[in-house]
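A.B. asks: Here's a sequence, model it:
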Amino acid sequence: MRDPVAEAAILARMGRGDAAALPELWEAWSRPLFAVAMHALGNQEDAEEVLQDALVKFWRKAAEFDAALSQPFTWGMMLLRGLIQDRLRARRRRPVLVGGDSALDHASCSEPSGGTSDLLEALASLSPEERQALDVAVFQPGTHEEIARRMGQPLGTVKGRIRRALEKLHAALTEDLL
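C.D. replies: Model (predicted):
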């Protein structure tokens, strides 16, 4: 089970320059973040590079983390999201939602040590509303306000759905590691 208090403490240690905290955060987050990056990018090399960039970004921005504004894993996922979007823009390619399908519904990549199948199982546990909110948040750039406007939903509803979806994914993808 995920422990946001412990994760926030790890980020605080990183913010103070404690290099021993970095492997702890990596152990807790690398698997679910890699699964998301792999699914979004469809390429193991790109996913690994984005995850490495994310680790550097976590280290550099750890002192800026504010537990009053977000959960630690949600903060990390949003940093990862930005890096994924940058990589997709660099490729001049972006996933597109067609009809009612979600980009999160399809595995377009090879199996990275159980990550994709675990991710697909975890995604199946989300409500349709949570899946849609997460899909838009991960694969389409924009602020929460822009996402809410695109979805035609209140801002608080969209933020809550994204947060719950991320928490469910994190819990599902890390439960077998304990």
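A.B. asks: Which secondary structure elements does the helix or strand of the chain with the lowest mean pLDDT sit against?
C.D. replies: Within the chain, judged by mean pLDDT, DSSP states H and E, the helix or strand with the poorest mean is helix 115-124; its value is a mean of 70. Judged by 3 or more C-beta pairs under 8 Å, 6 or more residues apart in numbering; DSSP states H and E, helix 115-124 is in contact with helix 21-41, helix 155-174. No exception for glycine: its C-beta is placed from N, CA and C like everyone else's.
A.B. asks: who wins for proximity to residue 62 among these?
C.D. replies: Residue 62 lies closest, by C-beta to C-beta, to one member of these: helix 21-41, at 8.1 Å.
A.B. asks: Is residue 142 part of a helix or strand, or is it coil?
C.D. replies: Under DSSP: H, G, I helix; E, B strand; the rest coil, residue 142 falls in the coil class.
A.B. asks: Just to check, it is in contact with residue 148?
C.D. replies: No - Residue 142 lies out of contact with residue 148 (C-beta atoms under 8 Å); the separation is 9.4 Å.
A.B. asks: mean pLDDT lowest for which of the helices and strands packed on helix 115-124?
C.D. replies: Here the helices and strands packed on helix 115-124 differ in mean pLDDT, and the lowest is helix 155-174 at a mean of 83.
A.B. asks: Mind giving me the packing neighbours of that helix?
C.D. replies: When contacts are defined as 3+ C-beta pairs under 8 Å, 6+ apart, helix 155-174 sits against helix 21-41, helix 72-91, helix 115-124, helix 128-139, helix 144-151.
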